[in-house]
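Trainee: when you get a sec, could you give me coordinates for this:
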Amino acid sequence: MHAVAIEQVQVAHWLRSVRTVKSKKGVRHAGGGRKLAIGNDNEILKWIVQQRELHIPVSRQSIQDYAKRLCSETNPEFIASSGWLDKFMRRHQLISHVDVAKTAC
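Mentor: This is a model prediction of the structure:
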């Protein structure tokens, strides 16, 4: 085994970095990761199913718009971002036909 010379200052810096990372574990950015109430999540899913049964196309934008309208009074800070929509669709195993068309090419 070879001996490696590491400055004590460098080791101290690494230890401070590790402590900083550990202390920030689980910390969210302001506004990040806002959750909807489960009832709202189910209500949005129910609306999507109803629209599809009526043969009304449901776009990603229409889901976001509906979610914003539904939650505007109870959770005015809710944004219905594209990240939220991606997770909502994954959570409920929904697919976008546009996504399917892109992968088929």
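Trainee: now tell me which helix or strand of this protein has the poorest mean pLDDT.
Mentor: helix 97-104 (a mean of 51; mean pLDDT, DSSP states H and E).
Trainee: kindly provide the distance from Leu54 to Ile48.
Mentor: Leu54 sits 11 Å away from Ile48, going by CB to CB, to the nearest Å. C-beta coordinates here come from the backbone N, C-alpha and C atoms, glycine included.
Trainee: okay, and the common contacts of those two?
Mentor: Residues touching both Leu54 and Ile48 (CB atoms under 8 Å, 6 or more residues apart in numbering): none.
Trainee: can you give me the pLDDT of Asp72?
Mentor: No, residue 72 isn't Asp; it's Ser. Turning to Ser72, the model gives it a pLDDT of 89.
Trainee: and it, what does it touch?
Mentor: Ser72 touches Phe78, counting by CB under 8 Å, 6+ apart.
Trainee: start at 199 instead
Mentor: Noted, 199 is the first residue going forward, which turns the last one into Ser270.
Trainee: what about it? Give its phi and psi, please.
Mentor: Torsion angles at Ser270 (phi, psi; degrees, to the nearest 10) stand at phi -60, psi -40.
Trainee: next: Glu271.
Mentor: Dihedral angles (degrees, to the nearest 10) for Glu271: phi -80, psi -40.
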